[in-house]
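Asks: here are the coordinates; sequence isn't available:
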């Protein structure tokens with residue numbers, strides 16, 4: 001019983017009825033001026049050119065969102081589109097929607113009015129009052145039991161309100177919903193947003209993770225050394241690494257604040273010396289070899305290469321500590337090769353451990369390249385091949 005009565009406690013049930021009544025207001029006003037059946041045909045014909053106006057879909061979409069679904073006009077829901085019509089197919093669906101809404105609104109309003117009048121007449125007849133003829137329920141005399149039929153009339157009224165509201169909502173979702181092209185565009189936009197969020201998460205993981213790893217290694221080495229001069233150098237390295245991390249963080253936050261901000265402000269392989277010096281300051285002996293013009297590497301490849309190098313050095317410091325590291329970056333005609341090797345230690349980061357190695361492989365895959373990570377001839381290696389075209 002409670003489930004049956006639940007729709008009558010929702011505001012959207014009555015706003016849907018209002019939406020249907022609005023559809024027949026202007027034809028009904030015209031009917032008072034010219035009492036003829038053909039006025040409804042003229043009203044239906046007038047909706048055809050109105051539906052061909054692109055802005056009409058915006059008007060109908062806003063009404064439907066607010067009154068049929070209860071969503072605000074600025075809702076991100078794409079169930080009902082509020083953008084103007086962009087194709088003849090959209091205009092055709094809008095014309096069908098306007099005609100169907102008029103027909104359903106007329107039928108619902110007439111039935112609701114008749115059921116209300118019938119309920120009142122049943123009660124009036126039970127108490128001996130005269131009632132008008134031509135109502136939905138024909139009464140024979142004034143019988144006391146007529147009042148028992150009033151709840152049935154009210155129940156039919158409630159069913160009419162709920163069912164008609166659900167029908168018009170289903171039609172709105174069908175006829176005012178997005179077209180296949182609009183669904184595809186919305187899916188592409190959503191995909192871009194998810195990719196951007198993933199990229200920002202990687203940026204934060206790589207830049208801040210690298211800085212914290214360097215700071216932890218430096219602090220631990222300074223405490224173990226007990227040498228004031230070494231401690232001063234370690235503090236300088238921590239300060240420099242922290243400053244660089246703040247710059248990276250500002251870049252990432254800038255992307256969040258300004259969606260149109262160019263990505264060219266992100267670091268590239270031309271800034272690799274900063275990473276190498278940070279690793280050397282942490283005690284690692286970094287031997288770097290650059291082959292080919294690094295400054296000619298395309299922006300997306302150079303930026304992702306920088307992050308891959310950063311994450312590789314972070315993994316070395318985190319898992320192997322201050323060990324010799326060999327970095328080789330070779331720029332060819334067709335591809336960029338990046339390799340980082342260090343002596344293998346007992347603490348081996350397996351394939352499922354952490355998100356750094358997975359991030360390296362994902363970055364390479366997004367650019368159409370490949371990445372190999374794991375033990376190789378007594379070393380731990382990260383070997384990445386990225387296409388330049």
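Replies: Looks like it arrived, so ask away. What you see is a predicted model; the values in this text were computed from it and never measured. Residues are numbered from 1 along each chain as shown.
Asks: how much space between residue 228 and residue 339?
Replies: For residue 228, the distance to residue 339 (CB to CB, to the nearest Å) stands at 38 Å. Where you see a C-beta, it was placed from the backbone N, CA and C, and this is true even at glycine.
Asks: quick check: closest non-adjacent residue to residue 336.
Replies: Setting aside the residues directly before and after it, residue 336 is nearest to residue 386 in space (CB to CB, 6 or more residues apart in numbering), at 4.6 Å.
Asks: which of residue 228 and residue 339 has more residues huddled nearby?
Replies: Between residue 228 and residue 339, counting by other CB atoms under 10 Å, residue 339 is the more crowded of the two (19 against 9).
Asks: wait, what's in contact with the more buried one?
Replies: Contact analysis of residue 339 by CB atoms under 8 Å, 6 or more residues apart in numbering lists 326-329, 381-384.
Asks: just the buried ones out of these, please.
Replies: Using 16 or more other CB atoms under 10 Å as the burial test, the contacts of residue 339 include 326-327, 329, 381-384 as buried.
Asks: show me where the chain has helices.
Replies: Assigned by DSSP state H, the helices in the chain fall at 2-5, 11-23, 25-33, 38-51, 55-63, 88-126, 150-175, 180-225, 228-257, 272-281, 299-319, 356-366.
Asks: distance from the shortest one to the middle of the chain?
Replies: Looking back up the chat, that one is helix 2-5. Centre-to-centre, helix 2-5 and its host chain are 34 Å apart (CA atoms, centre = their mean, to the nearest Å).
Asks: next: stretch 92-99.
Replies: 29 Å.
Asks: gap between the two ends of stretch 59-70?
Replies: 16 Å (CA to CA, to the nearest Å).
Asks: that stretch - what's its average pLDDT?
Replies: Averaged across stretch 59-70, pLDDT comes to 87.
Asks: so what does the nearest residue to residue 302 once chain neighbours are set aside have for phi and psi?
Replies: Leaving aside its sequence neighbours, residue 302 sits nearest to residue 268 (CB to CB, 6+ apart; 3.8 Å). In terms of degrees, to the nearest 10, the main-chain angles of residue 268 are phi -120, psi -180.
Asks: just residue 292 next, same as before
Replies: phi 90, psi 170.
Asks: settle this for me: it is touching residue 332, isn't it.
Replies: Yes - counting by CB atoms under 8 Å, residue 332 is a contact partner of residue 292 at 6.4 Å.
Asks: looking at the two, which is more packed in?
Replies: Set side by side, residue 292 and residue 332 show more neighbours around residue 292, with 14 against 11, by other CB under 10 Å.
Asks: please state the offset of stretch 292-299 from the chain centre?
Replies: 35 Å.
Asks: in it, what's buried?
Replies: So stretch 292-299, judged by 16+ other CB under 10 Å, has buried residues 294, 297.
Asks: list the contacts for residue 14?
Replies: residue 161.
Asks: how about 10 Å then?
Replies: By CB atoms under 10 Å, 6 or more residues apart in numbering, the contact set of residue 14 is 7-8, 67, 161, 165.
Asks: now, the most widely separated pair of the residues you listed?
Replies: 8 and 67 (16.8 Å; CB to CB).
Asks: name the residue in the two with the higher neighbour count.
Replies: residue 67 (23 against 11).
Asks: I'd guessed the more buried one sits against residue 101; true?
Replies: No - look at residue 67 against residue 101 with CB atoms under 10 Å: they stay out of range, at 11.4 Å.
Asks: what is in contact with those two at once?
Replies: 19-20, 22, 168, 172.
Asks: hang on, the earlier thing: mind checking which of the helices of the chain is nearest residue 79?
Replies: Using CB to CB, the helices of the chain put helix 150-175 closest to residue 79, at 5.6 Å.
Asks: helix 11-23 and that closest one, what's the angle between them?
Replies: 80 degrees (axes from the mean of the first three to the mean of the last three CA atoms, to 10 degrees).
Asks: distance from the chain centre to helix 150-175, please.
Replies: With CA atoms, centre = their mean, you get 33 Å for helix 150-175.
Asks: now swap in stretch 280-290 and tell me
Replies: 42 Å.
Asks: got the buried residues for it?
Replies: Buried, per 16+ other CB under 10 Å, within stretch 280-290: 281-284, 286, 288.
Asks: same check, this time on stretch 218-238
Replies: Going by 16+ other CB under 10 Å, stretch 218-238 has these buried residues: 218, 221-222, 231, 233-234, 237-238.
Asks: distance to residue 244 and pLDDT added to these, as CSV?
Replies: Below are the buried residues of stretch 218-238 laid out as CSV (distance: CB to CB, whole Å; pLDDT from 0 to 100):
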residue, distance to residue 244, pLDDT
218, 13, 71
221, 19, 72
222, 19, 71
231, 20, 76
233, 17, 75
234, 16, 75
237, 11, 75
238, 11, 77
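Asks: among these, which one sits closest to residue 309?
Replies: residue 237 (18.1 Å).
Asks: how far away is that closest one from residue 224?
Replies: 15 Å.
Asks: returning to what we had before: could the contacts of residue 14 go into CSV alongside distance to residue 184?
Replies: Formatted as CSV, those follow (distance: CB to CB, whole Å):
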residue, distance to residue 184
7, 35
8, 39
67, 28
161, 37
165, 31
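Asks: which of those residues sits closest to residue 297?
Replies: residue 67 (56.0 Å).
Asks: if I pick that closest one, what's in contact with it?
Replies: For residue 67, counting by CB under 10 Å, 6+ apart, the contacting residues are 11-12, 14-20, 22, 165, 168-169, 172.
Asks: distance of it relative to residue 147?
Replies: 35 Å.
Asks: coming back round to it: closest one of the contacts of residue 339 to residue 308?
Replies: Closest to residue 308, out of all of the contacts of residue 339 and judged by CB to CB, is residue 384, at 5.5 Å.
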